[in-house]
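>>> Give me the fold of what follows.
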Amino acid sequence: MEMLIDFPGGARVDAHFKGFTVQTDQPVAGGGSDSAPTPFDYFLASLGACAGFYVAGFCRSRGIPTDNIRLVQKHEFDPTTHMLTQVAFDIQLPPDFPERYKAAVMRAAETCKVKKALEHPPTFAITTSVLELASA
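Numbering: from 1, shown residues only. Below you'll find the predicted structure:
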């Protein structure tokens, strides 16, 4: 898969892929206009959305409605380095959720591909090339 990243102005950076555009920006204090989430916000949201996808899939495969299930995600950061140190998920279940599936729904959330990518990080290769511009 290939993504095209471009720079529409200010602190905005957009990613284009599969016919989608993901717009990002920075807060005003960071030089942006706060017109979109930051790339790191999307990163954090991808963790919760991915875990939620697996929770919903687990429930759907067992005929369990998801309308009263929520996943609450919290983050902890090192106060010195400001680096992310923990991501915690609380899968909030309705009172009538089957007891026999409570441990299994947690295991389903554990299978999130984004989480697994962090546990087994990829390598990164960064290069430069010269863009050939079309002449007018």
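>>> Going by secondary structure, Pro8 is in what exactly?
Using DSSP states H and E, Pro8 sits in strand 4-9.
>>> partner strands of that strand, parallel or antiparallel?
As defined by DSSP bridges, the strand partners of strand 4-9 come to strand 12-17 (antiparallel).
>>> can you map out the helices along the chain?
39-61, 102-110, 113-119 (DSSP state H).
>>> Which strands and helices lie in contact with the last one?
Other helices and strands packing on helix 113-119, by 3 or more C-beta pairs under 8 Å, 6 or more residues apart in numbering; DSSP states H and E, are helix 39-61. In short, each C-beta sits where N, CA and C put it, glycine included.
>>> what's the answer for the longest one, then?
Here helix 39-61 touches strand 20-24, strand 70-77, strand 84-92, helix 102-110, helix 113-119, going by 3+ C-beta pairs under 8 Å, 6+ apart.
>>> Who are the packing partners of the fourth one?
When you say that, I think you mean helix 102-110. Checked by 3+ C-beta pairs under 8 Å, 6+ apart, helix 102-110 has helix 39-61, strand 84-92 packed alongside it.
>>> just those: most buried one?
helix 39-61 (a mean of 16; mean count of other C-beta atoms under 10 Å).
>>> and the most centrally placed residue in the chain, what does it touch?
Centroid check for the chain by C-alpha atoms, centre = their mean gives Ser46 as the closest residue, at 1.3 Å. The neighbourhood of Ser46, defined by C-beta atoms under 8 Å, 6 or more residues apart in numbering, consists of Val114.
>>> hmm, try it at 10 Å
By C-beta atoms under 10 Å, 6 or more residues apart in numbering, the contact set of Ser46 is Cys112, Lys113, Val114, Lys115, Ala117.
>>> Write a ChimeraX command that selects only the buried members of those residues.
Buried residues among those (16 or more other C-beta atoms under 10 Å), as a ChimeraX selection:
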select :112,114,115
